[in-house]
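Visitor: With the sequence up front, the predicted model follows.
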Amino acid sequence: GIVGQFYYEDIPLLQKRDDVTLLDTRTVYEYMRGHAEGFINIPVDELRERLTELDSSKPVYVMCQSGLRSYVACRMVSQYGFDCYNFSGGYRMYESVALEKCAAGEAYPCGIEK
């Protein structure tokens, strides 16, 4: 109950909002290899020094690879007065669900060619 959570199905609506901050706390290299659209990258190791890049009036929705760094980031920014939510499952889960949905959308029904 210390850190709020958000889930895969929440992301499309969050991406459309301008009253929230979407934050990816993975390394620059991890972020460059793939990230969810609309998420800015501030690695957790740099977060304290870069807090001024975040708008404290907006809730922050945080993602990392597995959920640990984003949890740490949420605890950190919460100490500075931010309203913060941790992505359940991390980018690893996000990517696997997104790829599965993409593959399912491209699959042919049995015996029918496009």
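Guide: That came in fine, so what should we check first?
Visitor: okay, and for this protein, where does confidence drop off?
Guide: Regions of the chain meeting the criterion pLDDT under 70 cover residues 101-114.
Visitor: Which parts of it are strands?
Guide: 4-6, 21-24, 40-41, 60-63, 84-87 (DSSP state E).
Visitor: how about JSON lines for these, with mean neighbour count and distance to residue 94 added?
Guide: Backbone N, C-alpha and C define where each C-beta goes, glycine included. What follows is the strands of the chain, written out as JSON lines (neighbours: other C-beta atoms under 10 Å; distance: least, C-beta to C-beta, whole Å):
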{"stretch": "strand 4-6", "mean neighbour count": "15", "distance to residue 94": "11"}
{"stretch": "strand 21-24", "mean neighbour count": "24", "distance to residue 94": "10"}
{"stretch": "strand 40-41", "mean neighbour count": "14", "distance to residue 94": "15"}
{"stretch": "strand 60-63", "mean neighbour count": "26", "distance to residue 94": "7"}
{"stretch": "strand 84-87", "mean neighbour count": "25", "distance to residue 94": "7"}
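Visitor: got JSON lines for the ones you listed, with distance to residue 76 too?
Guide: What follows is the strands of the chain, written out as JSON lines (distance: least, C-beta to C-beta, whole Å):
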{"stretch": "strand 4-6", "distance to residue 76": "15"}
{"stretch": "strand 21-24", "distance to residue 76": "11"}
{"stretch": "strand 40-41", "distance to residue 76": "16"}
{"stretch": "strand 60-63", "distance to residue 76": "10"}
{"stretch": "strand 84-87", "distance to residue 76": "9"}
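Visitor: If we ignore the residues flanking it in sequence, what's nearest residue 59?
Guide: Nearest non-adjacent residue to residue 59, counting by C-beta to C-beta, 6 or more residues apart in numbering: residue 83, 4.2 Å away.
Visitor: Hmm, that neighbour is touching residue 62, no?
Guide: No: the pair residue 83 / residue 62 is not scored as a contact, 11.3 Å apart, by C-beta atoms under 8 Å.
Visitor: mind listing what residue 76 touches?
Guide: 44, 47-48 (C-beta atoms under 8 Å, 6 or more residues apart in numbering).
Visitor: what's the burial count for the residue nearest to residue 59?
Guide: 16 (other C-beta atoms under 10 Å).
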